[in-house]
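Participant: Okay, sequence plus prediction incoming.
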Amino acid sequence: MSAPAQITFLTDYGLEHKFIGVCRGVMQRITPGVPILDITHLVPPGDVRHGAVVLAQSVPYLPTAVHLAVVDPGVGTSRKAVAVVAGENVFIGPDNGLLMWAADALGGPVAAYEIADPQIRLKPTSNTFHGRDLFAPAAAHVAGGRPPATLGDLVRLSDPLAEITADGATGEVLTVDRFGNIQTSLEVEKLQSSGIDGELEITVAGTTTRLPFVPTFGSVPAGTLLAHEDSAQLLSIAINLGDAATQLGLTPGTRFSLRRVAAS
Amino acid sequence: MSAPAQITFLTDYGLEHKFIGVCRGVMQRITPGVPILDITHLVPPGDVRHGAVVLAQSVPYLPTAVHLAVVDPGVGTSRKAVAVVAGENVFIGPDNGLLMWAADALGGPVAAYEIADPQIRLKPTSNTFHGRDLFAPAAAHVAGGRPPATLGDLVRLSDPLAEITADGATGEVLTVDRFGNIQTSLEVEKLQSSGIDGELEITVAGTTTRLPFVPTFGSVPAGTLLAHEDSAQLLSIAINLGDAATQLGLTPGTRFSLRRVAAS
Amino acid sequence: MSAPAQITFLTDYGLEHKFIGVCRGVMQRITPGVPILDITHLVPPGDVRHGAVVLAQSVPYLPTAVHLAVVDPGVGTSRKAVAVVAGENVFIGPDNGLLMWAADALGGPVAAYEIADPQIRLKPTSNTFHGRDLFAPAAAHVAGGRPPATLGDLVRLSDPLAEITADGATGEVLTVDRFGNIQTSLEVEKLQSSGIDGELEITVAGTTTRLPFVPTFGSVPAGTLLAHEDSAQLLSIAINLGDAATQLGLTPGTRFSLRRVAAS
């Protein structure tokens, strides 16, 4: 494994306080001048699944790097801190499933190590701010050339619901952006090869709504519901110049079914 | 045109999701190590006019750069993607008026090119995330030394309302900041040379309010309305330690008239 | 004093507008390529005390740098602009108490200079945006090697309330994070050496609530109130997977008393 002197950084810390600045400082002190590319720090607090989705959809577009990711509602408990190697990339974060989909997106994990060397930690080490005291130092040391070290076990999140047959599909909402656009777990290519295309019906909690599968927002009039292929090749549901999530009452994790409207 | 290896970056993407991180990653992969200076990513969603004002008021203070700006409610429709050359600066973004005032602020556009070379785009190219798939790659290639290439046409936003005579002025709100301070379209130098100075009256939707034109917030007691010259040499309306926009009910685009209170 | 070519940056400007981007641009134009490490730009507007706490708790983890901090409700009045030297670090900002605790955290100020040389200012100089026109240029010039120059006087904020005796303690809320965790002014080491440990009672505005002093969030069931030592070695009050600030009605500056529950 050759060494990429670049760090990417994703957390649920928010931007209001010192958290992000302090972690950046810790890394700069250990490996001066290392570039740090922020993905986002506004993952909803404690939402490991959301963080895992954002990280997995981002890494294919990022440079080879040490990817530092901290969404860690179990901080201070027995969950392990890990370094996961995937090709020339290394993921640093809690062993709670946050890192696995991203490692899969870069070819799959080839080895995982617990971050256990006491030399890595800042002293004193807090019980609640492992981003500063453990994860950021580990990321900086690895970006500075230190090979990932002590092996540990990984847990794995369940995959999101995505069942597609010729009769219809069942999926769930992965993310909702600030515009109210809804990204689902369904891959467009699989939907289309099963004949789920054209005019669709989506059923959420017993309520069924029709919407067309079209190339882009502007394919329908303003205020109209639509389905389209988003930039991650996933089925996305939107309203042209409107807020689909609010109108349909969909939030991350909501399950729905989808079928093609039969020609009549 | 010599080549500035620096990118500035303005969007309405928000900071909650992967959007900004992914665009940064795309640029770093194409031109490794290129500095990226964020202006803001919190332009109100789809508000081209607001983005155009922020960009134009920022560029005089920025280094010579490739200025990447994406506020693009028409993404996926027929609007062009363009590179606009102004002196040694290049603007990259949608051809919807977002870039023109900024180009004017740097001496005016000298040439504009459509971004049409298929080698620029990421494959597959989404219909909805041109920031990642088209604009960011174009900015990175130009920052890396590639000359702006294929010519295209530009549209132009109408200029904001700003009519000043000896009898009074008519203007509109350009922006409101988080403190509730209101930036208007009226240039202070032109107001003063028309004798509009001292004690003023502003009329919004039939309601007239008096306020003094003073040097700074602290020139009046806390809670008092005032007009002053802001850092862009524009007339700004504020309340010392208060929120003028909420009190006056002013939002971007609101029109108002202004006149000097006659000495009695 | 040797020269650290690194700037850190903290303000209450928010991220919505051009403010941060423009300040970054001004610094890059004066000292091209200087690394700028953002601490936060979401200090509550005008809250000097909050900014002072965040800055002081951050700098021990930051690289040696020119620390530019602007929380300046008195902009345009007679308060001075200053450069405060502490070891190899230099703080740049308004002389309103914002910088002092941070200088203390780096060994204490050894000298303070008013930023008075007219060559430093951008022209024209606004009355309201000294971040851009005065502080950012000063920070960039110092980071670029210019020694802090003209001496001036410093004011000093009162220290936060923190009285600890064997009978109990009186403190105040320093900060509340986005999760609703409450950081107090009380140092855990001093509490414990006075025997204030184990099962505690906190009294706020006449209402007394019991809570255990435990190592971390996960030490108690979900929804349970707790006290713990935070990453700044201060007593922090939280609810495991909940929002303690909302439940207890605590905001920054709220005073409270604390005592140990006697064994019965």
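Facilitator: Structure's in. What do you need?

Participant: what's downstream of the worst-scoring helix or strand of chain A on mean pLDDT, the next helix or strand?
Facilitator: Among the helical and strand segments of chain A, the one scoring lowest on mean pLDDT, DSSP states H and E is strand A:150-151, with a mean of 52. Per DSSP states H and E, the first helix or strand lying C-terminal to strand A:150-151 is strand A:162-165.

Participant: Does anything pack onto that following strand? Which helices or strands?
Facilitator: strand A:168-176, strand A:182-187 (3 or more Cβ pairs under 8 Å, 6 or more residues apart in numbering or on different chains; DSSP states H and E). Where you see a C-beta, it was placed from the backbone N, CA and C, and this is true even at glycine.

Participant: Mind checking those strands for the one nearest to residue C:110?
Facilitator: Evaluated over the helices and strands packed on strand A:162-165, closeness to residue C:110 peaks at strand A:168-176, with 50.5 Å, by Cβ to Cβ.

Participant: Give the rounded mean pLDDT of that closest one.
Facilitator: Averaging pLDDT along strand A:168-176 yields 87.

Participant: Mind giving me the packing neighbours of it?
Facilitator: Counting by 3+ Cβ pairs under 8 Å, 6+ apart, strand A:168-176 packs on helix A:48-58, strand A:162-165, strand A:182-187, strand A:255-260.

Participant: List the contacts of the third one.
Facilitator: Under the criterion Cβ atoms under 8 Å, 6 or more residues apart in numbering or on different chains, residues A:160-162, A:164, A:169, A:171-177, A:230, A:232-238, A:244-245, A:248, A:250, A:256, A:258 lie in contact with strand A:182-187.

Participant: Which members of those residues are classed as buried?
Facilitator: A:160, A:162, A:164, A:169, A:171-177, A:230, A:232, A:234-238, A:244-245, A:248, A:250, A:256, A:258 (16 or more other Cβ atoms under 10 Å in any protein chain shown).

Participant: Flag every residue of the stretch 1-150 of chain A that's near chain B.
Facilitator: A:6, A:8, A:10, A:15, A:35, A:37-42, A:54, A:57-58, A:61-63 (Cβ under 8 Å from any Cβ of the partner chain).

Participant: Where does residue A:252 sit: helix, strand or coil?
Facilitator: coil (DSSP: H, G, I helix; E, B strand; the rest coil).

Participant: Now do it against chain B, distance only.
Facilitator: 12 Å (Cβ to the nearest Cβ, to the nearest Å).

Participant: Ignoring the adjacent residues along the chain, who's closest to that residue?
Facilitator: Nearest residue to residue A:252 in three dimensions, chain neighbours excluded: residue A:173, at 5.3 Å (Cβ to Cβ, 6 or more residues apart in numbering or on different chains).

Participant: Now for the one you found: which residues touch it?
Facilitator: Applying Cβ under 8 Å, 6+ apart, the residues contacting residue A:173 are A:182-185, A:250-254, A:256.

Participant: Low-confidence ranges, chain A, go.
Facilitator: A:1-4, A:76-79, A:149-159, A:263-264 (pLDDT under 70).

Participant: And the closest residue in space to residue A:179 that isn't next to it in sequence, how far from residue C:21?
Facilitator: Of all residues not flanking residue A:179 in the chain, residue B:45 sits nearest, at 5.5 Å (Cβ to Cβ, 6+ apart). Residue B:45 sits 19 Å away from residue C:21, going by Cβ to Cβ, to the nearest Å.

Participant: residues in contact with stretch A:251-260?
Facilitator: A:47, A:49-50, A:161, A:167-176, A:184, A:186, A:191, A:195-204, A:235, A:245, A:250.

Participant: Could you list the alpha-carbon positions for it in PDB?
Facilitator: Taking C-alpha atoms only, stretch A:251-260 is exported to PDB below (Å, rounded to 0.1, in the frame of the first residue of the first chain):
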ATOM      1  CA  THR A 251     -38.300  10.700   5.500                       C
ATOM      2  CA  PRO A 252     -35.100   8.600   5.500                       C
ATOM      3  CA  GLY A 253     -36.000   4.900   6.300                       C
ATOM      4  CA  THR A 254     -39.600   5.200   5.100                       C
ATOM      5  CA  ARG A 255     -40.500   2.100   3.100                       C
ATOM      6  CA  PHE A 256     -42.600   2.200  -0.100                       C
ATOM      7  CA  SER A 257     -43.700   0.000  -3.000                       C
ATOM      8  CA  LEU A 258     -43.600   0.900  -6.600                       C
ATOM      9  CA  ARG A 259     -45.200  -0.600  -9.700                       C
ATOM     10  CA  ARG A 260     -45.700   0.200 -13.400                       C
END
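
Participant: For the residue of the stretch 51-200 of chain A found nearest chain B, give me its contacts.
Facilitator: Distances between the stretch 51-200 of chain A and chain B by Cβ to the nearest Cβ are smallest at residue A:62, namely 3.6 Å. Contact analysis of residue A:62 by Cβ under 8 Å, 6+ apart lists A:8, A:37, A:39, B:21-22, B:25, B:28-29.
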